[in-house]
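Colleague: Curious how this folds, go ahead:
(chains A and B)
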Amino acid sequence: MSQFKIIFTGPVGAGKTTAINSISDTPPVKTDASASDMTKTRKSSTTVALDYGVMNLPGGEKLHLYGTPGQERFDFMWDILVTGGIGLVLLLDNTRADPFQDMRFFLDTFEKFISQTTVAIGVTQMDLSSTPTIDEYHIQLNKLGLKPPVFAVDAREKSDVSLLIQSLLYTLDPGLEG
Amino acid sequence: MDKKGSPLTVALQGMDARSSKMMAMYLHGPCKGEAVVISDGYADALILDADSMSGQAFLKTFLAEGVEKPLILISLHETHIENVICIKKPVKTDDMLMALSQIKSRLTQRKQHEDRVSKAAIEEYRVESEENFVTTKPNTVEVIEEKPVLKSYVIRTDEQLKTSKHQAAMQLNEKAFGAFIGNVPGLDVNDPRQFAKANYNAKHYFQGYVESAFNVSRTKGQARQLNSGWNPLLIFPEANEIWIDVDENQLRAFAGLLINSTLGASMSVTPLSQELVDQERILEKYQSMDAFLWKVACWASKGRYPHQLDIRQPIYLKHWPNFTRLLVTPHALRISALMIKGPRTLPNIAEVLNIKPQYVFIFASAAYALGLIGHAKRDADVLFQPPEIKPNKNQSILGRIISTLLGKKA
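Modeller: All right, here's what the predicted structure looks like:
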């Protein structure tokens, strides 16, 4: 049976683990650990390897949901993670100093994967920091020649995460019928 | 402090911007309604992280000189300090709720004592406090940035309580469409022979007045009020939000009505005085301007397209709408995904996606209201109609994922 997976990526604290938790049918496998390095100042625990969740599909197949570790020192794993993926969900934390820099970093890092598949962007924590606005993200993306879906997302809300994934899939094929 | 069951106000000490944000979210989440973070000077109590360098320094000062405000100390180590509520990390919600409750109780007791001692003095204090509240809005706090990775932002506790503004979108399916959106008697918008008549002029509906009021408000950079003979619509362009106290069903019915000349004459847009701008309102009734206009346009459209659009000409989509905060009409995501690939005529979109034209028309109406679509200007776009879409090689599994997601929708 074929394996299908969607990759969730983004900086530390953007909500990758929470988003996977929102839509996974089984309790997600977390590899969080007490942070012992510079991350400690930002989160009491962080994902040191990866997060994993699964959505059961009609017919017995499964959609695997993988979250990349936020810390760059684990970026060697990213290539392995994306192999066979059908698309990328990029979550950005709007309270970080320069979310556009984060966006460029991840779009650049996953450029090859995105060119072969597609990307949808979720901006989290907009209730804490309303700027940059979603329109401003589009302006930045336009400069990069990209027009992906960009949605304000509360990673705890299943419907937000669901809409983001739907947009990712429809970008791959607008002819899809639910 | 708490007069009508309102949350305890707390200031955070010994926490960097990230930790401050996490704590603010924690108080807003598991401890919702019990405490909110505000700036130090106005807070009822303090929460101190004793494990940080700055927290240690603060604690030293506190022990040496004392601070009038009640203190909750959180630490990895078991700590006991007189008159300080100590919570060991990891912080358990029950412990935090208990601590907040104890402080509320202490403050209430203190206030009762003060009331007994000098009623007159307390009255003076209250007036002064209220004046301070009105003039300085102490419900925000500048978080001091310690880490360059985080921006210095304002924890707007009010903003988090504007739940309508940040709530998830409503995703309509085909079955719900008719009942929620309605139709135009005597017009079959899905019949190609009637396409020429299947348009509407937003100016004849509440939508047109909202658009006009938004334009004036944004151009002038001024809060305005749209008076329509019933509940006024307050517009705050700086925050990109509106406030209206009205039942959603009533609004939907009103937005679908043709505005006759009598009612139209009673509509007016007036500036909001600073006093009215600052007035306290029910926070849940704030909505984003875009989300409000989007749904008002949907209700005016009833499956028709804006009369400004020529359906024989290709239409482009500037960028994806922010669907998680908008009313999602049937097939709106598919339509966006198709249009973003290149301009197409509206009937062609319906044909390629094999959907009823009304779903394309209503999407076009809402997107046009937000300035997201327009006629393709280039000759090449007009002459070149994109081909049929190529099915993805994984179409079957992708379709099942979509079905599952739609079934899972909260």
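Colleague: Only C-alpha atoms from now on, for both contacts and neighbour counts.
Modeller: Fine.
Colleague: residue boundaries of the strands in chain A?
Modeller: Listed in chain order, the strands of chain A (DSSP state E) span A:4-9, A:32-34, A:45-47, A:51-56, A:62-67, A:85-93, A:119-124, A:150-152.
Colleague: List the residues that contact B:Trp294.
Modeller: By C-alpha atoms under 8 Å, 6 or more residues apart in numbering or on different chains, the contact set of B:Trp294 is B:Leu326, B:Leu327, B:Ala366, B:Ala367, B:Ala369, B:Leu370.
Colleague: filter the residues you listed to the buried ones?
Modeller: Buried by 16 or more other C-alpha atoms under 10 Å in any protein chain shown: B:Leu326, B:Leu327, B:Ala366, B:Ala367, B:Ala369, B:Leu370, out of the contacts of B:Trp294.
Colleague: Run a quick check on the third one versus B:Ala297, I expect a contact.
Modeller: It stands for B:Ala366. Yes. Using C-alpha atoms under 8 Å, B:Ala366 makes contact with B:Ala297 at a distance of 5.2 Å.
Colleague: near chain A, which residues of the stretch 251-400 of chain B?
Modeller: B:319-325, B:333-335, B:337-338, B:340, B:352-353, B:389-392, B:395, B:398-400 (C-alpha under 8 Å from any C-alpha of the partner chain).
Colleague: and those, which of them are in helices?
Modeller: B:Leu333, B:Arg334, B:Ile335, B:Ala337, B:Leu338, B:Val352, B:Leu353, B:Gln395, B:Leu398, B:Gly399, B:Arg400 (DSSP state H).
Colleague: residues touching A:Ile7, list them.
Modeller: A:Ile7 neighbours (C-alpha under 8 Å, 6+ apart): A:Leu65, A:Tyr66, A:Gly67, A:Thr68, A:Leu81, A:Val82, A:Gly85, A:Gly87, A:Leu88, A:Val89.
Colleague: Dig out what it forms beta bridges with.
Modeller: A:Ile7 forms beta bridges with A:Tyr66, A:Leu88, as assigned by DSSP bridges.
Colleague: now it: how far from B:Lys69?
Modeller: Shown here: A:Ile7 relative to B:Lys69, a distance of 47 Å by C-alpha to C-alpha, to the nearest Å.
Colleague: do B:Leu257 as well
Modeller: According to C-alpha to C-alpha, B:Leu257 stands 56 Å off from B:Lys69.
Colleague: Likewise for A:Phe4?
Modeller: Distance of A:Phe4 to B:Lys69, given as C-alpha to C-alpha: 56 Å.
Colleague: Of these two, which one has the most company?
Modeller: A:Phe4 (17 against 13; other C-alpha atoms under 10 Å in any protein chain shown).
Colleague: Quick check, pLDDT for the more buried one.
Modeller: Looking at A:Phe4, its pLDDT stands at 89.
Colleague: likewise B:Val382?
Modeller: B:Val382 is assigned a pLDDT of 54 by the prediction.
Colleague: Next: the one 3 residues further on.
Modeller: In this model, B:Gln385 is scored at 60, pLDDT.
Colleague: that older thread, ok, of the contacts of A:Ile7, which one's closest to B:Ile235?
Modeller: The closest of these to B:Ile235 turns out to be A:Val89 (C-alpha to C-alpha; 34.2 Å).
Colleague: Surely that closest one and A:Phe8 touch.
Modeller: Yes. At 4.7 Å, A:Val89 and A:Phe8 qualify as touching, with contact defined as C-alpha under 8 Å.
Colleague: who has more neighbours, these two?
Modeller: Set A:Val89 next to A:Phe8 and count neighbours by other C-alpha under 10 Å: A:Phe8 wins out with 28 against 23.
Colleague: before we move on, back to that, kindly reformat the strands of chain A as TSV containing distance to A:Leu164.
Modeller: Listed next are these as TSV, based on distance: least, C-alpha to C-alpha, whole Å:
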stretch	distance to A:Leu164
strand A:4-9	11
strand A:32-34	24
strand A:45-47	22
strand A:51-56	15
strand A:62-67	14
strand A:85-93	8
strand A:119-124	7
strand A:150-152	7
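Colleague: Among the ones you listed, which comes closest to B:Ala99?
Modeller: Taking the strands of chain A one by one with C-alpha to C-alpha, strand A:45-47 is closest: 23.7 Å.
Colleague: how many neighbours does B:Ala364 have?
Modeller: 29.
Colleague: what's the answer for B:Ala223, then?
Modeller: B:Ala223: 24 neighbours (other C-alpha under 10 Å).
Colleague: From A:Leu81, how far out is it?
Modeller: Taking C-alpha to C-alpha, one finds B:Ala223 at 49 Å from A:Leu81.
Colleague: Quick check: beta-bridge partners of A:Met55?
Modeller: A:Leu63.
Colleague: So it is in contact with A:Ser22, correct?
Modeller: No. Counting by C-alpha under 8 Å, A:Met55 stays clear of A:Ser22, with 10.7 Å between them.
Colleague: nearest to chain A, of the buried ones among the contacts of B:Trp294?
Modeller: Chain A lies nearest to B:Leu326 out of the buried ones among the contacts of B:Trp294, by C-alpha to the nearest C-alpha, at 10.2 Å.
Colleague: isn't that closest one right up against B:Met170?
Modeller: Yes. With contact defined as C-alpha under 8 Å, B:Leu326 reaches B:Met170; the gap is 7.1 Å.
Colleague: looking at chain A, which residue ends up farthest from its center?
Modeller: The centre of chain A is farthest from one residue, A:Gly59, which by C-alpha atoms, centre = their mean lies 26.1 Å away.
Colleague: and stretch B:256-268, which residues are buried?
Modeller: In stretch B:256-268, counting by 16+ other C-alpha under 10 Å, buried: B:Gly256, B:Leu258, B:Ile259, B:Gly264, B:Met267.
Colleague: Is any residue of the top helix by length along chain B near chain A?
Modeller: Secondary structure assigned by DSSP H gives helix B:93-117 as the longest helix of chain B. No. Using C-alpha under 8 Å from any C-alpha, we find that helix B:93-117 stays clear of chain A, coming within 15.3 Å at best.
Colleague: Which residues does that helix contact?
Modeller: Contacts to helix B:93-117, defined as C-alpha under 8 Å, 6+ apart, come from residues B:Asp2, B:Leu8, B:Pro30, B:Cys31, B:Glu34, B:Ala35, B:Ala45, B:Pro70, B:Ile72, B:Ile85, B:Ile87, B:Ile122.
Colleague: TSV please, covering the contacts of A:Ile7 and showing pLDDT and distance to B:Ser301.
Modeller: Formatted as TSV, the contacts of A:Ile7 follow (pLDDT from 0 to 100; distance: C-alpha to C-alpha, whole Å):
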residue	pLDDT	distance to B:Ser301
A:Leu65	94	39
A:Tyr66	92	41
A:Gly67	90	41
A:Thr68	85	43
A:Leu81	80	45
A:Val82	84	43
A:Gly85	92	40
A:Gly87	96	35
A:Leu88	97	35
A:Val89	97	33
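Colleague: I'd like the residues you listed as a markdown table, with distance to B:Leu405 appended.
Modeller: Shown next, in a markdown table, are the contacts of A:Ile7 (distance: C-alpha to C-alpha, whole Å):
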| residue | distance to B:Leu405 |
| --- | --- |
| A:Leu65 | 13 |
| A:Tyr66 | 17 |
| A:Gly67 | 19 |
| A:Thr68 | 22 |
| A:Leu81 | 23 |
| A:Val82 | 22 |
| A:Gly85 | 18 |
| A:Gly87 | 16 |
| A:Leu88 | 17 |
| A:Val89 | 15 |
